[in-house]
Each structure stands twice: as structure tokens, then as C-alpha cells.
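S.K.: Just the structure for this:
(one chain, ligands or ions: 1)
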Amino acid sequence: MKGLKIALDGPAGSGKSSVSRLVAKRLGYLNVDTGAMYRCVTLRAIWDGVDFEDPKALAKVAASCRIELQEDGRVILDGQDVTDEIRKPIIDSRISSIAENEEVRKILVAEQKRIGAQGGVVMEGRDIGTVVLPDAEIKFYLDAAPQERAKRRWKELGKRGVNVSLDEVKHEICLRDKKDLERSASPLKLAPDAIYLDTSNHTLNEVVEIVLAKIQGVVRTHEANKRPCL
Ligand code: C5P
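M.R.: Sure thing, here's the model as predicted:
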């Protein structure tokens with residue numbers, strides 16, 4: 001099963017990061033969390049005191065960031081481990097200015113396309129099946145009810161020691177979803193050839209097994225199509 005491009009898109013809290021990581025591990029593929037890249041640019045812009053109303057200044061930040069996504073999931077920004085820092089609520093509240101910036105997207109998407117070009121990759125984000133890897137052999141769109149997504153995110157924040165109420169998390173997620181869905185630059189949308197999965201009533205392991213089974217099906221179809229006719 002070497003060499004496939006697998007795209008995983010969906011809103012915040014849909015489970016795509018965990019699913020992507022586990023599926024990539026099972027297949028021996030590279031896992032690429034593109035949200036971490038947008039988070040890094042947001043963090044760098046905050047650190048540098050950049051005006052978030054200045055799109056050109058934000059694009060300059062994106063062009064200068066050196067982002068390393070390590071195999072163990074750690075994220076290194078300009079030589080510094082920012083794995084926990086980029087998941088903090090301050091990043092969630094500022095990231096939309098970065099994500100809606102066309103120039104920033106051009107820079108990050110070019111890098112994501114470069115990483116994905118060889119195949120053997122599970123890439124997750126908002127525009128992977130539509131913009132970054134439109135030629136992916138298999139595309140998934142993961143979704144879940146807003147209350148369930150908020151609960152997941154709230155638990156994750158709790159594990160990281162971030163103390164916020166479930167209502168605050170729900171409000172933040174709804175706001176971010178709305179911006180991701182409505183922005184003009186590469187909005188979050190279901191690719192016409194994506195498999196839609198509602199994960200609300202499934203455990204993480206169940207979703208991983210469903211995704212792996214679908215991938216197996218695609219691989220078998222590819223192989224059958226390649227067999228010469230008798
Ligand atoms: O996936 P995650 O929640 O870490 O993404 C954070 C934010 O980064 C999203 O809400 C979205 O605004 C932006 N993003 C994006 N395109 C991607 C990945 C993330 O616009 N491919």
C-alpha cells in the first residue's frame with residue numbers, strides 16, 4: 001500500500017488529527033497536520049508583534065517561518081518546540097486572519113503540495129481534498145455534531161492543563177467553523193469525491209478501522225483495474 005495520497009478534511013473537533021495520525025502509523029505513511037502550519041504562522045506573528053490587520057506583514061511572516069513537523073507529532077518553529085504553545089486558545093482566537101490571507105495560503109499550500117507530491121502521505125486540514133491534493137486517491141470528510149466536537153476539544157484542552165468552560169469552547173469552535181466555511185480563500189468544503197463520515201457516535205478506534213477499510217477497498221479496486229483482461 002505504498003505511495004497513496006490520502007486527504008482528510010473536516011471542521012474543528014471532528015477527530016481528523018487523531019485519525020490521521022493513527023491511520024498514517026498503521027500504513028507506515030507520513031502524517032501531515034496542515035493546521036499546525038497555520039498555527040505556527042499565527043504564533044510567530046504574535047511573538048513578533050505583527051499587526052493582524054496588515055495582510056502583507058502577515059504574508060512576510062509566513063514566508064520567513066521555518067516549520068518542521070516531526071514524525072512523533074512535535075512541531076518545531078524556527079528551531080523552537082512549540083507543540084503545546086500552538087494549541088492554546090489565544091491561537092484559536094487569532095488564526096482566522098492568517099487562514100483567510102491568500103498570500104499566506106499560497107506559501108503554505110506550495111509547501112504542502114511539495115510534501116505530498118511523492119505520495120505515501122495522510123494529510124489533514126480544511127482544503128486538502130479540494131486544493132492541496134485534488135488528485136488524492138482517497139478523500140475523507142470527517143464531521144460530528146457541534147456539541148460532540150466541543151466536548152472532544154474541551155477534553156483535549158483539559159489534558160493540556162488549559163482551564164476553559166465547555167460553553168466557551170463550543171462558542172470558539174462555532175465561530176472558527178463559520179469563518180472557515182465562509183471565507184473566500186479555500187473555504188472548508190466537502191470535495192465531490194470525498195467520503196463523508198459522521199464520527200459523532202463512533203470511538204476513535206472505530207473511525208480508524210472504518211477509514212482503513214475504505215482505503216483497502218480503494219487499493220483493491222486500483223489493483224483490479226490494473227490486471228490485464230484474460
Ligand atoms: O486543524 P486545526 O484546528 O489545527 O486548524 C486550525 C485552523 O487553521 C483552522 O480553523 C483553519 O482556520 C486553519 N486551517 C486552514 N487550512 C488548513 C488547515 C487549517 O485554513 N488546511
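S.K.: show me where the protein has strands.
M.R.: 5-9, 30-33, 67-69, 75-77, 80-81, 121-125, 138-143, 195-198 (DSSP state E).
S.K.: dump the residue contacts of residue 102.
M.R.: residue 185 (C-beta atoms under 8 Å, 6 or more residues apart in numbering). All C-beta spots, glycine's among them, are computed from the backbone N, C-alpha and C.
S.K.: State the distance from residue 38 to residue 183.
M.R.: Using C-beta to C-beta, to the nearest Å, residue 38 is found at 12 Å from residue 183.
S.K.: what's the answer for residue 220, then?
M.R.: 38 Å.
S.K.: again, but for residue 100
M.R.: 4 Å.
S.K.: Same question for residue 147.
M.R.: Residue 147 is 24 Å from residue 183, by C-beta to C-beta.
S.K.: what about those two, which has more around it?
M.R.: Between residue 147 and residue 183, counted using other C-beta atoms under 10 Å, residue 183 has the larger neighbour count: 17 against 13.
S.K.: and this structure, which of its residues are near the ligand?
M.R.: 12, 34-35, 38-39, 95-96, 99, 125-127, 176, 180 (C-beta under 6 Å from any ligand atom).
S.K.: In JSON lines, list these along with neighbour count and pLDDT.
M.R.: Shown next, in JSON lines, are the residues of the chain next to the ligand (neighbours: other C-beta atoms under 10 Å; pLDDT from 0 to 100):
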{"residue": "12", "neighbour count": "23", "pLDDT": "92"}
{"residue": "34", "neighbour count": "24", "pLDDT": "98"}
{"residue": "35", "neighbour count": "18", "pLDDT": "97"}
{"residue": "38", "neighbour count": "24", "pLDDT": "98"}
{"residue": "39", "neighbour count": "25", "pLDDT": "98"}
{"residue": "95", "neighbour count": "21", "pLDDT": "96"}
{"residue": "96", "neighbour count": "18", "pLDDT": "95"}
{"residue": "99", "neighbour count": "25", "pLDDT": "96"}
{"residue": "125", "neighbour count": "30", "pLDDT": "97"}
{"residue": "126", "neighbour count": "25", "pLDDT": "96"}
{"residue": "127", "neighbour count": "23", "pLDDT": "97"}
{"residue": "176", "neighbour count": "19", "pLDDT": "91"}
{"residue": "180", "neighbour count": "20", "pLDDT": "93"}
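S.K.: low pLDDT regions in this protein?
M.R.: In the predicted model of the chain, residues 1-2, 228-230 satisfy pLDDT under 70.
S.K.: remind me, longest helix of it?
M.R.: helix 204-226 (DSSP state H).
S.K.: hmm, who's touching that helix?
M.R.: By C-beta under 8 Å, 6+ apart, helix 204-226 touches 1, 4, 6, 8, 15, 18-19, 22-23, 26-27, 137-138, 140, 142, 195, 197, 199, 202.
S.K.: picking up where we left off before, take the strands of the chain and lay them out in CSV including distance to residue 210.
M.R.: Compiled in CSV, the strands of the chain are given as follows (distance: least, C-beta to C-beta, whole Å):
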stretch, distance to residue 210
strand 5-9, 12
strand 30-33, 18
strand 67-69, 25
strand 75-77, 27
strand 80-81, 33
strand 121-125, 14
strand 138-143, 9
strand 195-198, 7
